[in-house]
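**Q** no FASTA, just this:
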Ligand SMILES: Nc1nc2c(ncn2[C@@H]2O[C@H](COP(=O)(O)OP(=O)(O)OP(=O)(O)O)[C@@H](O)[C@H]2O)c(=O)[nH]1
Ligand SMILES: [Zn+2]
């Protein structure tokens, strides 16, 4: 006997611990609480859609991004590798509103390099949970540093927080920039300056 009639007929393609019917119930409750009629035509499928949306936007809660950095290539290259303009969207944990921007990741390899797409994959997974930009920046830097045993890692994130643009203080265009440096990028000013110049180059 099914407990909740809102439950989707589709197979749950999300992690088994994601309780879609529970999210659907909560969304219905929010709609009612703000004074909407959750039973009107246009809103009938909304709880189901929102449940799937949250399952997708928070899918990183159930993933371990380190798995993307396990396959490395042994390469005699010890100069900087920088992937910039990796687009991301995450959800601010204070308001559950998106913050959207770009990540730039540079590292100085110590004999091991990683597939470039893997740097975008870790950004993607680390972004898919309730986040703050500072923690996300640190998480990317620490993961790169640990898994690659790099000589140095630099991570810069720039993002617009919709909790600051569509509500509250309402300042569209305000961009938050966070950075984290590890290893040589911390101790060597010219390496850090070189990376920042490349990141800022349009
Ligand atoms: N440090 C940091 N703050 C964030 C981030 N995302 C959102 N915030 C801020 O979290 C704060 C929450 O502040 P509160 O005073 O608890 O909540 P609030 O009353 O909704 O605040 P206002 O947005 O000023 O209306 C706000 O200042 C947001 O701008 C983030 O990634 N990092
Ligand atoms: Zn917020």
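**A** On my side now, so go ahead. Note that the coordinates shown come from a computational prediction; the quantities given were computed from them, not determined experimentally. Ligands and ions are numbered 1, 2, ... in the order given.

**Q** Now do the contacts for the residue nearest the centre of the chain.
**A** Centroid check for the chain by C-alpha atoms, centre = their mean gives residue 127 as the closest residue, at 1.0 Å. By C-beta atoms under 8 Å, 6 or more residues apart in numbering, the residues touching residue 127 are 60, 88-90, 136. (Glycine included, C-beta is placed from N, CA and C.)

**Q** For the protein, list the residues in contact with ligand 1, please.
**A** Counting by C-beta under 6 Å from any ligand atom, the residues of the chain close to ligand 1 are 92, 94, 132-134, 161, 163-164, 168-169.

**Q** Just the closest of those to residue 119, please.
**A** Comparing the residues of the chain next to ligand 1 against residue 119 with C-beta to C-beta picks out residue 133 as the nearest, at 17.7 Å.

**Q** pLDDT score for the closest one?
**A** On pLDDT, residue 133 comes in at 98.

**Q** Kindly provide the distance from it to residue 81.
**A** Separation of residue 133 from residue 81 (C-beta to C-beta, to the nearest Å) stands at 23 Å.

**Q** closest point of the chain to ligand 2, which residue?
**A** residue 163 (2.8 Å; C-beta to the ion).

**Q** how much space is there between that residue and residue 174?
**A** From residue 163 over to residue 174 the distance is 11 Å, taken as C-beta to C-beta.

**Q** So which of those two has more stuff around it?
**A** Under the neighbour definition other C-beta atoms under 10 Å, residue 163 and residue 174 were set side by side, and residue 163 has more, 16 against 11.

**Q** returning to what we had before: now, the residues of the chain next to ligand 1 that are in strands?
**A** 92, 161 (DSSP state E).

**Q** and the nearest residue to residue 50 once chain neighbours are set aside, backbone torsions?
**A** Nearest residue to residue 50 in three dimensions, chain neighbours excluded: residue 27, at 4.6 Å (C-beta to C-beta, 6 or more residues apart in numbering). Here is the backbone geometry of residue 27 (degrees, to the nearest 10): phi -70, psi -40.

**Q** Residues of the protein that sit close to ligand 2?
**A** Neighbours of ligand 2 within the chain, by C-beta under 5 Å from the ion: 92, 94-95, 163.

**Q** what do you get if the cut-off is 8 Å, keeping everything else the same?
**A** With the criterion set to C-beta under 8 Å from the ion, the chain comes near ligand 2 through 92-97, 99, 161-164, 168.

**Q** just to revisit the earlier point, between the contacts of residue 127, which has the most around it?
**A** residue 90 (26 neighbours).

**Q** Show me how this protein divides into domains.
**A** 20-58, 70-200 (the TED database).

**Q** mean confidence score for the first one?
**A** This predicted structure assigns domain 20-58 an average pLDDT of 98.

**Q** Quote the end-to-end distance of it.
**A** Length of domain 20-58, first residue to last, C-alpha to C-alpha, to the nearest Å: 12 Å.

**Q** Buried residues, that domain. List them.
**A** 20-21, 23-25, 27-28, 31, 38, 46-48, 50-52, 54-55, 57-58 (16 or more other C-beta atoms under 10 Å).

**Q** can you list the weak-confidence ranges in the chain?
**A** 1-12 (pLDDT under 70).

**Q** Alright, calling it a day.
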